[in-house]
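Colleague: Test case, fold it:
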Amino acid sequence: LLVADSEEKLNAGKVNGTETSNRTLKRSGSITANTGANIIVDGDSNYGFVVKSESYKSTFTIGGDGKDDLLESKDTNNYGIGINKGTITVNGTNSIAFAMLKGGDSSNSGSLIVNSATPVAQGSTAFYGEQGNFTNSGNITVNTPNNTKNKGILLKGANATPINFTNTGNISIQGAGNIAVYTEGNSKFTHNVNPTPATNKISVGDGSIGVYTPELNIGAPVELASTTGNTTTIGFYSDGDAQVKFKDGFKLKVGDKSIGLFSRDTSKFASTFDVSALTATTEIELGAKSVLSYFNDGKSGNIGALLS
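Modeller: Presented below is the predicted three-dimensional model:
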């Protein structure tokens with residue numbers, strides 16, 4: 001499925017009140033994959049659903065001189081929108097279930113899935129975004145315990161217009177070294193609780209990483225599996241330059257021998273992980289030989305606010 005734009009040449013006339021000899025009618029469509037839709041993505045470097053649109057809105061009015069005037073604008077609330085209510089499954093390599101390159105406010109209330117291929121560096125992604133607003137209230141799942149280089153959500157904000165991803169659904173990742181949420185550039189990921197009862201969470205499998213992001217607001221549960229192999233399960237991974245803000249509603253369950261918060265730069269730990277909005281009732285559960293936070297750079301850092 002492709003949400004895109006089309007153009008049609010028109011006769012001379014007005015565009016937004018200005019006379020021009022070259023007029024073009026620009027249209028942006030929208031697509032909804034309804035409940036029951038089932039899209040399978042096989043092979044290499046393929047896509048299930050793509051949004052690439054300028055979100056054009058074009059209407060005509062008739063002036064007092066009897067001539068038409070083409071009113072052209074952009075409307076991301078109503079045009080160039082991709083909505084998935086069905087199931088999009090990636091079975092192939094280097095492929096994407098839903099890609100939002102640019103367009104109107106889009107969403108998923110169905111399922112975006114990456115399934116295992118033959119044990120390889122699969123390199124596939126459930127959701128990929130570059131700019132615009134996207135909301136997930138459904139399920140994003142990476143069922144690849146024997147595959148690597150897979151991601152649940154990959155945000156690459158390389159433009160002045162950011163990619164904003166708001167999650168009130170479930171995100172699940174499996175496979176050593178695979179990442180549930182990875183973002184870079186002009187990107188923002190927000191993980192909130194869904195309406196009562198609040199049941200949504202990020203589930204991180206054995207050896208996987210939960211979140212690697214420069215900017216994150218998180219107010220919903222995260223659960224980490226126990227580490228059984230040679231690759232440690234990590235909830236939140238920071239290079240020292242991230243801004244992770246924990247909000248009311250956040251809960252953390254860390255499985256045996258796993259790590260909740262990991263920082264490559266201990267001196268920036270307190271400024272990276274902001275816990276000021278948490279309350280005394282915030283639940284953190286640690287398994288056997290697990291740790292809430294881990295540092296390995298030999299530096300000191302003010303982490304008292306987090307551990308108190």
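Colleague: Can you work out which other helices and strands pack against the host helix or strand of Ile39?
Modeller: Following DSSP states H and E, the helix or strand that holds Ile39 is strand 38-41. Strand 38-41 sits against strand 47-52, strand 87-90, strand 96-102, with contacts defined as 3 or more Cβ pairs under 8 Å, 6 or more residues apart in numbering; DSSP states H and E. Heads up, the C-betas are built off the backbone N, CA and C, glycines and all.
Colleague: Same list, those strands, but as JSON lines with mean pLDDT please.
Modeller: What follows is those, written out as JSON lines (pLDDT from 0 to 100):
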{"stretch": "strand 47-52", "mean pLDDT": "98"}
{"stretch": "strand 87-90", "mean pLDDT": "97"}
{"stretch": "strand 96-102", "mean pLDDT": "98"}
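Colleague: out of the ones you listed, nearest to Asn115?
Modeller: Of all the helices and strands packed on strand 38-41, it is strand 87-90 that lies closest to Asn115, at 6.0 Å by Cβ to Cβ.
Colleague: Now that closest one: buried residues?
Modeller: Along strand 87-90, the positions that meet the burial threshold by neighbour count (16 or more other Cβ atoms under 10 Å) are Thr87, Ile88, Thr89, Val90.
Colleague: Go ahead and measure how far it is from the middle of the chain.
Modeller: In terms of Cα atoms, centre = their mean, to the nearest Å, the centre of strand 87-90 is found 16 Å from the chain centre.
Colleague: try stretch 221-229
Modeller: In this view, stretch 221-229 has its centroid 21 Å away from the chain centroid, taken as Cα atoms, centre = their mean.
Colleague: how long is that stretch from one end to the other?
Modeller: For stretch 221-229, the first and last residues are 24 Å from each other (Cα to Cα, to the nearest Å).
Colleague: low-confidence ranges in this protein?
Modeller: 196-198, 295-308 (pLDDT under 70).
Colleague: In it, which residue sits furthest out from the middle?
Modeller: Most distant from the centre of the chain: Asp65, at 49.8 Å, with distances by Cα atoms, centre = their mean.
Colleague: Across the sheet, point out what pairs with the nearest residue to Gly17 once chain neighbours are set aside.
Modeller: Using Cβ to Cβ, 6 or more residues apart in numbering and skipping residues adjacent in sequence, the residue nearest Gly17 is Asp69, 6.1 Å away. Asp69 has these beta-bridge partners by DSSP bridges: Lys14, Thr61.
Colleague: distance of Asp69 from Ser30?
Modeller: Look at Asp69 and Ser30: by Cβ to Cβ, to the nearest Å, they are 25 Å apart.
Colleague: Tell me where this protein has helices.
Modeller: Using DSSP state H, the helices of the chain run over residues 269-272, 304-307.
Colleague: which residues does the residue lying closest to Asn77 once chain neighbours are set aside contact?
Modeller: Nearest residue to Asn77, sequence neighbours excluded (Cβ to Cβ, 6+ apart): Asp105, at 6.0 Å. Asp105 is in contact with Thr76, Asn77, Ile81, Gly132, Asn133, Phe134, Thr135, counting by Cβ atoms under 8 Å, 6 or more residues apart in numbering.
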